[in-house]
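# sequence and predicted model, in that order:
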Amino acid sequence: MGVVLQLLLAGGGMYIKVFNRGVIPLAYSIKKENKAGETNTYLDGIYLLFTYFTKPESMEALEVALKTDDDVIRSSSFKIRKRKY
């Protein structure tokens, strides 16, 4: 995750916090191939929620880094907008 944090800061982003939900069983098993070509089957995972601010241009680089990281099984990115009242 150090590479992801470096990309975030290099892209003009600001790291806020990490919420660790702990180890949770997955709804279904996930098979993922690592960089060495070995296939692993995961039955549970550590759920983390990262909160950060960044420029839209740097989101693609962050998502690529997360997908290629062997320690990350799955990832999702969401854009949250401020509400105008």
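The structure has been received and is ready for your questions.
# please count neighbours and contacts with C-alpha atoms only from this point.
Noted.
# distance from the chain centre to the lowest-mean-pLDDT helix or strand in the chain, please.
One helix or strand of the chain scores below all others by mean pLDDT, DSSP states H and E: helix 2-10, with a mean of 78. In terms of C-alpha atoms, centre = their mean, to the nearest Å, the centre of helix 2-10 is found 12 Å from the chain centre.
# equivalent analysis for stretch 37-46, please.
Using C-alpha atoms, centre = their mean, the offset of stretch 37-46 from its chain centre is 16 Å.
# likewise stretch 77-85?
Remark: stretch 77-85 is offset 19 Å from the chain centroid, using C-alpha atoms, centre = their mean.
# tell me the backbone dihedrals of the closest residue to residue 11 other than its chain neighbours, please.
Among residues not flanking residue 11 along the chain, residue 58 sits closest, at 5.6 Å (C-alpha to C-alpha, 6 or more residues apart in numbering). Dihedral angles of residue 58 (phi, psi; degrees, to the nearest 10) stand at phi -90, psi -10.
# isn't residue 58 up against residue 8?
Yes - counting by C-alpha atoms under 8 Å, residue 58 touches residue 8, with 7.3 Å between them.
# so which residues of the protein form helices?
Under the criterion DSSP state H, the chain contains helices at 2-10, 59-68.
# and the first one, C-alpha only, in PDB?
When you say that, I think you mean helix 2-10. C-alpha atoms of helix 2-10 as PDB (Å, rounded to 0.1, in the frame of the first residue of the first chain):
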ATOM      1  CA  GLY A   2       3.000   2.300   0.200                       C
ATOM      2  CA  VAL A   3       3.100   2.700  -3.600                       C
ATOM      3  CA  VAL A   4      -0.500   3.700  -3.600                       C
ATOM      4  CA  LEU A   5       0.100   6.300  -0.900                       C
ATOM      5  CA  GLN A   6       3.100   7.700  -2.800                       C
ATOM      6  CA  LEU A   7       1.000   8.000  -6.000                       C
ATOM      7  CA  LEU A   8      -1.800   9.700  -4.000                       C
ATOM      8  CA  LEU A   9       0.600  12.300  -2.600                       C
ATOM      9  CA  ALA A  10       2.500  12.800  -5.800                       C
END
